[in-house]
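[1] Pasting a predicted model and its sequence here:
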Amino acid sequence: DLLKKMFRECDMIIGTDADINDITFLRMKQMGFDPYFINNTYKHNKGTKACEIFSYGDFMKQLNRLDKWIVCCDSKSMAEVISNVSGTIGTDETDDILLITGDTISQDYNLDDWDKVIYSPKIIYGLDSTMRRHVFCYYKEQTISPKQMVQQVNRCRDIIELRYLFTTKSCSNYKYHSYQDVKEEIVDNDLYGCNTFKLCEEIGMYDDYLEVLAMYKYNQDCYNTNKFAHFIKILNERGFTIDSKFFQTSIKGLKKDKDELEEEQERIFLKC
């Protein structure tokens, strides 16, 4: 294919990323390369304090005390709630807050044009801010993976302090014992589709694609067992100093947060 042709005609391929993993090496070997890996021991986030917040009320109090921040969310609706409570939303430099979600008009933003930025998973990779400021995270654990959460956090390249809130801290059993189990499931599903619904005359799954897809799904299954724990693990690996007090939001506290959020959403709806 085109990607293989491009790679094979290069004199040298250099890849740099904090999230190089087994899938990277697998794909390179599939294309006939034996990659040489250099582990850069420099930690960009070394010494940056990361502190947990345990309620929506505390989250908003700490946020509203500061003049400059970024808020990362894994939920569009939560990003909208926080932005409506925190200031004036817009896409003009005179507005208080830049809100970026899937509904935002697509354009090239300079995050450093705003002191206050809130974004949903619309932003995970690529767009960076060099302004020195605090970063907040509000995660419901329903969409993006822990690695993607850390990618969101590091869109701010100069973090004063990271503060994070996980609303559920849910744990679940893993689905697959190995990525071989995933491969078997994918092939079985493909066969079922061919035989039952006549979607194809024969299985057209490329072996290389099957291997990559199976490893990706296996990794996601591992992350989904406990997103909070994996998030903390990755922060530690990146050099963050974790300030953990090992508190847990009480059931009463969770209900209070839920009631407050419903009131905020109803008030925002009525304003519209």
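    Cool, got the structure. Residues are numbered from 1 along each chain as shown.
[2] Now stretch 12-22 - C-alpha only, CSV.
    Extracted C-alpha coordinates of stretch 12-22, given in CSV (Å, rounded to 0.1, in the frame of the first residue of the first chain):
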residue,chain,number,x,y,z
MET,A,12,15.8,6.9,7.3
ILE,A,13,12.6,7.1,9.4
ILE,A,14,12.6,8.9,12.7
GLY,A,15,9.6,8.7,15.0
THR,A,16,9.3,10.6,18.3
ASP,A,17,6.4,10.4,20.7
ALA,A,18,5.7,9.8,24.4
ASP,A,19,3.2,7.1,23.6
ILE,A,20,5.4,4.8,21.4
ASN,A,21,4.2,1.3,22.3
ASP,A,22,4.0,-2.4,21.1
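[3] contacts for that stretch?
    7, 24, 33, 37, 44, 147, 151, 154, 215, 219, 238 (Cβ atoms under 8 Å, 6 or more residues apart in numbering). To be clear about C-beta, it is placed using only N, CA and C from the backbone, and glycine gets the same treatment.
[4] Which parts of the stretch 101-250 of the chain are helices?
    Ranges of helices in the stretch 101-250 of the chain, per DSSP state H, counting those that start in this stretch, are 146-153, 179-197, 207-224, 227-237.
[5] Report the buried residues of the second one.
    It stands for helix 179-197. By 16 or more other Cβ atoms under 10 Å, the buried positions in helix 179-197 come out as 179, 181, 182, 183, 186, 190.
[6] Now render the helices of the stretch 101-250 of the chain as JSON lines, adding distance to residue 73 and mean pLDDT.
    Output for these, formatted as JSON lines (distance: least, Cβ to Cβ, whole Å; pLDDT from 0 to 100):
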{"stretch": "helix 146-153", "distance to residue 73": "8", "mean pLDDT": "95"}
{"stretch": "helix 179-197", "distance to residue 73": "29", "mean pLDDT": "84"}
{"stretch": "helix 207-224", "distance to residue 73": "18", "mean pLDDT": "91"}
{"stretch": "helix 227-237", "distance to residue 73": "14", "mean pLDDT": "95"}
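[7] Please enumerate the strands of the stretch 51-200 of the chain.
    With DSSP state E, counting those that start in this stretch as the criterion, the stretch 51-200 of the chain has strands at 69-73, 89-90, 97-100, 116-119, 133-139, 159-166.
[8] Name the SS class of residue 36, please.
    Following DSSP: H, G, I helix; E, B strand; the rest coil, we place residue 36 in the coil state.
[9] Residue 160 is in contact with residue 133, isn't it?
    Yes: between residue 160 and residue 133 there is a contact at 6.1 Å, judged by Cβ atoms under 8 Å.
[10] So the two - more neighbours on which side?
    Using other Cβ atoms under 10 Å as the criterion, residue 160 and residue 133 rank with residue 133 on top: 20 against 14.
[11] With adjacent residues omitted, what lies nearest to that one?
    Residue nearest to residue 133 in three dimensions, not counting chain neighbours: residue 68, with 4.0 Å by Cβ to Cβ, 6 or more residues apart in numbering.
[12] quick one, what contacts that neighbour?
    Shown in contact with residue 68 (Cβ under 8 Å, 6+ apart): 115, 116, 131, 132, 133, 134.
[13] Check residue 4 too.
    Going by Cβ under 8 Å, 6+ apart, residue 4 touches residue 31.
[14] go on, residue 142?
    Here residue 142 is in contact with 74, 75 (Cβ under 8 Å, 6+ apart).
[15] ok, it to residue 219 distance?
    18 Å (Cβ to Cβ, to the nearest Å).
[16] Residue 110 - how many residues pack around it?
    As a burial measure, residue 110 scores 11 neighbours (other Cβ under 10 Å).
[17] can you pull the pLDDT of it?
    Residue 110 is assigned 90 on the pLDDT scale.
[18] Which helix or strand in this structure has the lowest average pLDDT?
    Within the chain, no helix or strand scores below strand 89-90, which has a mean of 51 by mean pLDDT, DSSP states H and E.
[19] List buried residues within the contacts of residue 68.
    115, 116, 131, 133, 134.
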